[in-house]
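1. compute the structure for the input listed below.
(chains A and B)
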2 protein chains.
Amino acid sequence: MLGEIIAVGEEVLSGDVINSNAAYISSQLSEIGVFCRFHTVVGDIEEDIIEQLDQACQRSKCIVLCGGLGPTKDDLTKEAVARYLKKPLYEDLEMRAQIDSWFKGRHQAPTENNYKQALMIEGGEPLKNGNGTAPGVYYNHQGIHIFLLPGPQGELKPMFENCVLPRMNKNIDKSIQTVTFRMIDIGESKAVTILDDLMGASDRLIVAPYAKLREVHIKVTSIEDTAKENEVAIQPIRDEIYRRLGQFIYNETDKELVEVVLDKLKEKNQTLSVAESCTGGLLSNFIVAIPGSSAVFKEGIVSYSNDSKIHRLMVPSDLLKMHGAVSEEVAKAMATGVSQTLETDYSVSITGIAGPDGGTPEKPVGLVYIAIKTPNTVLVKEYNFMGSRQKIREQSAKSALIDLWHML
Amino acid sequence: MLGEIIAVGEEVLSGDVINSNAAYISSQLSEIGVFCRFHTVVGDIEEDIIEQLDQACQRSKCIVLCGGLGPTKDDLTKEAVARYLKKPLYEDLEMRAQIDSWFKGRHQAPTENNYKQALMIEGGEPLKNGNGTAPGVYYNHQGIHIFLLPGPQGELKPMFENCVLPRMNKNIDKSIQTVTFRMIDIGESKAVTILDDLMGASDRLIVAPYAKLREVHIKVTSIEDTAKENEVAIQPIRDEIYRRLGQFIYNETDKELVEVVLDKLKEKNQTLSVAESCTGGLLSNFIVAIPGSSAVFKEGIVSYSNDSKIHRLMVPSDLLKMHGAVSEEVAKAMATGVSQTLETDYSVSITGIAGPDGGTPEKPVGLVYIAIKTPNTVLVKEYNFMGSRQKIREQSAKSALIDLWHML
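-> As a prediction, this is how the structure comes out:
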């Protein structure tokens, strides 16, 4: 089934807000077999919303409009859709009561314009919003499924899961299965060259590559009548991908590299600490973002001055003088130093020049040393990254995870 | 002038890549007076690209297509645009030579399909790509400015700045000025209510609110014939905004809060250290993301275990036993402890429960303590945040910056 997303809002059109709703909705819809052929963004202009909706109705069977359900006079999505469908708006008493109770729960009083959000399209179904005052709408327009959802992600996501997915699931007669093969140590173009004959071969078995931060993901989507048939369709291509690229695959489910690394440490009952210079907490942040990481991760030191390297990490000041803070020797001393106070089994250190200033001909911007300390040894690798300060820092933190994964 | 952006690529349609190019291009174009009324995303399907381009040509004067300029058979943007314009493609020898030299510089050999990227649209102008092998195209179609740019941001952004902006600047007869008033300690709905009569009053002086992470930005855009006239138009509204909301404004240019905080510390010639628990390096990362932060920021400790709090931050173990790691007392001890080893003038500590697990009725998920140590005192604040683990961590790190700003 073809899907389509229309985001409504000046803040998206002006570039002040990135349209991440469209990415979320698309990827969720594709998992149940609704594939988007168009995304559009329009402003809070009634005729533009109507024009896009009209086009969407001519080419798609599932249309999600998001944004423009707020209480202000600029919020026009419901009004535009009602006009397109030639249906009047009426005040839904249940939705009005919900708005009242939402404000009551917060010890606030609604203003008159909040009740605009209780207006519903005749013949449509109101969709409850558990996280805000804007209800959504579902309307079946001659077999075309039209959904109106609020723009803020904290409201949109739960409503999408609770209101859109169950209604669409009922209308899909195909089964979909997706497997993502997550790879490191190989670039996208090389992976694509090796898998070239498998891609674009079939509409029911889609093989697509995605370049991520120092990773390549190969996503295989099978569309058959039953889950069993999908299993059967995917197995030979899984075998083939492993035969050709198995050495690069670190995971086949939805687990990110950092989760896989933490799982491995947890299995071994071992602990981790981190010392960062140029990445400034980015690696620690990757780790702490995962719930339950405290079982493994003991501490991180953002050692952003030589003083800190000397006093916290016990890096000898002679070593800093002789080799400089960005050197193999200091990376090694940082990794050893950070692991000593709390006696962690593994430790990682990163020191480098993220730029834009601070580079020299011998030590240019992008030069980064990463050290991994295991219970038995310390390994240091030298990297030369390209790009902005942010890009160099992200690549460094990710490379440290990749290096750690190799040592586990 | 009306602008329009067409992103081409299955990876955007499928939601695997967020369309941040559109946000970047829109916001850049708006600064020179080209306002986007539509964004679209289409897949690598020639007829879809042509359909969108045809519509765009009917309503917009500046059209930027991005993506689909790669070397594979799926990359069809140039082919589709040439077909729409009824112009043949030819091999541009200078672009071919550039591709050769790009690979030579990397000690690699181009494959035959790389030369597909040297194909140009007759009557168009090739646009050089300093960061990849895909040149862009500029085509003036009966006064409509059509640009084709590659999708990867590292290639698109420099080409946009070097090739699109100068060409469009020549074609704009209006002057644009934008001022953003950045505010803290006030919510969007309250700010909007207070400024309601100033918004939507004029097409030439646009006042628009944007909600950011614990901030509200009010953007004022003036469109007049000259820069001088813009100054004159903006001044009274600036005065009015300051009169009504001046107490909440921390900055009026493009400087983020973290930069303002670092500038203040630099002015005072004072230093900073940070101790984080639940935020896990997020606050340190905000700081280190700013070039030159090393003049002020000495170190950050991600103290993710009680052991680390005791041994690195000298938090008395009795205090941890008596009050728990998430408490006013421990926040205070963390801030004091982290500042002692390197004797920093200011320090910040964050300890809290980010969830999803670990909450209790007395200490629920979202409870966070933030302490700010100045040369004279230590202040602790208690917060109760809502939302996901990530959301709670982001709000905590940002609130710490706001608290620090207040103490400076």
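2. OK, contacts around residue A:238?
-> A:179, A:181, A:220 (C-beta atoms under 8 Å, 6 or more residues apart in numbering or on different chains). For glycine as for every other residue, the C-beta is placed from the backbone atoms N, C-alpha and C.
3. now swap in residue A:178 and tell me
-> A:30, A:31, A:219, A:220, A:221, A:222.
4. just these that are near chain B?
-> Applying C-beta under 8 Å from any C-beta of the partner chain to the contacts of residue A:178, one finds that A:30, A:219 fall near chain B.
5. what's the closest of the contacts of residue A:178 to residue A:263?
-> Distance to residue A:263 across the contacts of residue A:178 (C-beta to C-beta) is lowest for residue A:219, with 22.1 Å.
6. surely that closest one is in a helix?
-> No. Under DSSP: H, G, I helix; E, B strand; the rest coil, residue A:219 sits outside any helix and is assigned strand.
7. any idea how many residues pack against it?
-> A total of 18 residues lie near residue A:219 under the criterion other C-beta atoms under 10 Å in any protein chain shown.
8. ok, residue A:406 next?
-> Residue A:406 - counted by other C-beta under 10 Å - has 13 other residues nearby.
9. identify the residues contacting it.
-> Contacts for residue A:406 (C-beta under 8 Å, 6+ apart) come out as none.
10. what's the answer for residue A:70, then?
-> Residue A:70 neighbours (C-beta under 8 Å, 6+ apart): A:117, A:134, A:150, A:151.
11. out of these, grab the one that's most surrounded.
-> Comparing those on neighbour count, residue A:134 comes out first with 29 neighbours (neighbours: other C-beta under 10 Å).
12. wait, that one sits on residue A:150?
-> Yes. Using C-beta atoms under 8 Å, residue A:134 is in contact with residue A:150, at 4.1 Å.
13. now do the shared contacts for these two.
-> Listed as contacting both residue A:134 and residue A:150 by C-beta under 8 Å, 6+ apart are A:69, A:70.
14. for the closest residue to residue A:354 other than its chain neighbours, which three-state class applies?
-> Of all residues not flanking residue A:354 in the chain, residue A:278 sits nearest, at 4.3 Å (C-beta to C-beta, 6 or more residues apart in numbering or on different chains). Classification of residue A:278 by three-state DSSP places it in coil.
15. restrict the contacts of residue A:70 to contacts with chain B.
-> Among the contacts of residue A:70, proximity to chain B is found for none (C-beta under 8 Å from any C-beta).
16. switch the residues you listed over to TSV; also include secondary structure.
-> Shown next, in TSV, are those (three-state DSSP):
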residue	secondary structure
A:117	helix
A:134	coil
A:150	coil
A:151	coil
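17. closest to residue A:345 among the residues you listed?
-> For the contacts of residue A:70, the minimum distance to residue A:345 (C-beta to C-beta) is 46.4 Å, reached by residue A:151.
18. can you tell me the closest non-neighbouring residue to the closest one?
-> Counting by C-beta to C-beta, 6+ apart, the residue nearest residue A:151 is residue A:67, at 3.4 Å.
19. residues contacting the one you found?
-> A:7, A:8, A:9, A:12, A:21, A:77, A:150, A:151.
20. what does the stretch 101-250 of chain A have sitting close to chain B?
-> A:154, A:192, A:200, A:208, A:210, A:217, A:219.
21. kindly recompute the last result at 10 Å.
-> Applying C-beta under 10 Å from any C-beta of the partner chain, we find that the stretch 101-250 of chain A lies next to chain B at A:111, A:131, A:152-154, A:157, A:180, A:189, A:192-193, A:196, A:199-200, A:206, A:208-212, A:217, A:219, A:221.
22. determine which two of the contacts of residue A:70 are furthest apart.
-> A:117 and A:151 (12.9 Å).
23. now the common contact residues for the two.
-> Common neighbours of residue A:117 and residue A:151 are listed as A:69, A:70, A:75, A:132, A:134 (criterion: C-beta atoms under 10 Å, 6 or more residues apart in numbering or on different chains).
24. residues from the stretch 301-408 of chain A in reach of chain B?
-> A:301-313, A:341-344, A:354-358, A:386-391, A:393, A:397.
25. buried ones among these?
-> A:301-313, A:341-342, A:344, A:354-355, A:358, A:387, A:389, A:391, A:393, A:397 (16 or more other C-beta atoms under 10 Å in any protein chain shown).
26. against residue A:306, how distant is the residue in chain A sticking out farthest from the centre?
-> Farthest-out residue of chain A from its mean C-alpha position, per C-alpha atoms, centre = their mean: residue A:318, at 43.6 Å. Distance, residue A:318 to residue A:306, by C-beta to C-beta, to the nearest Å: 12 Å.
27. list the residues that contact residue A:244.
-> Counted by C-beta under 10 Å, 6+ apart, residue A:244 has contacts A:191, A:194, A:195, A:198.
28. one more pass at 7 Å, please.
-> Contact analysis of residue A:244 by C-beta atoms under 7 Å, 6 or more residues apart in numbering or on different chains lists A:194, A:195.
29. and what of residue A:130?
-> residue A:158.
30. ok, 8 Å please
-> Contacts of residue A:130 by C-beta under 8 Å, 6+ apart are A:158, A:159, A:162.
31. quick check on the closest residue to chain B within the stretch 51-200 of chain A: phi, psi?
-> Per C-beta to the nearest C-beta, residue A:154 is where the stretch 51-200 of chain A lies closest to chain B, at 6.5 Å. With angles defined as degrees, to the nearest 10, residue A:154 sits at phi -60, psi -20.
32. how close does it get to residue A:301?
-> Distance, residue A:154 to residue A:301, using C-beta to C-beta: 34 Å.
33. likewise residue A:146?
-> 54 Å.
34. got it, and residue A:178?
-> Counting by C-beta to C-beta, the gap from residue A:178 to residue A:301 is 40 Å.
35. what does residue A:196 give?
-> According to C-beta to C-beta, residue A:196 stands 46 Å off from residue A:301.
36. tell me the domain ranges of chain A?
-> A:2-169, A:175-251, A:257-407 (automatic domain parsing).
37. in TSV: these, plus mean pLDDT.
-> Formatted as TSV, those follow (pLDDT from 0 to 100):
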stretch	mean pLDDT
domain A:2-169	93
domain A:175-251	91
domain A:257-407	96
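38. hmm, residue A:220 is touching residue A:199, no?
-> No. Look at residue A:220 against residue A:199 with C-beta under 8 Å: they stay out of range, at 10.1 Å.
39. which neighbours do these two have in common?
-> Common contact partners of residue A:220 and residue A:199 (C-beta under 8 Å, 6+ apart): residue A:207.
40. in the stretch 101-250 of chain A, which residue sits nearest chain B?
-> Closest point on the stretch 101-250 of chain A to chain B, by C-beta to the nearest C-beta, is residue A:210, at 4.9 Å.
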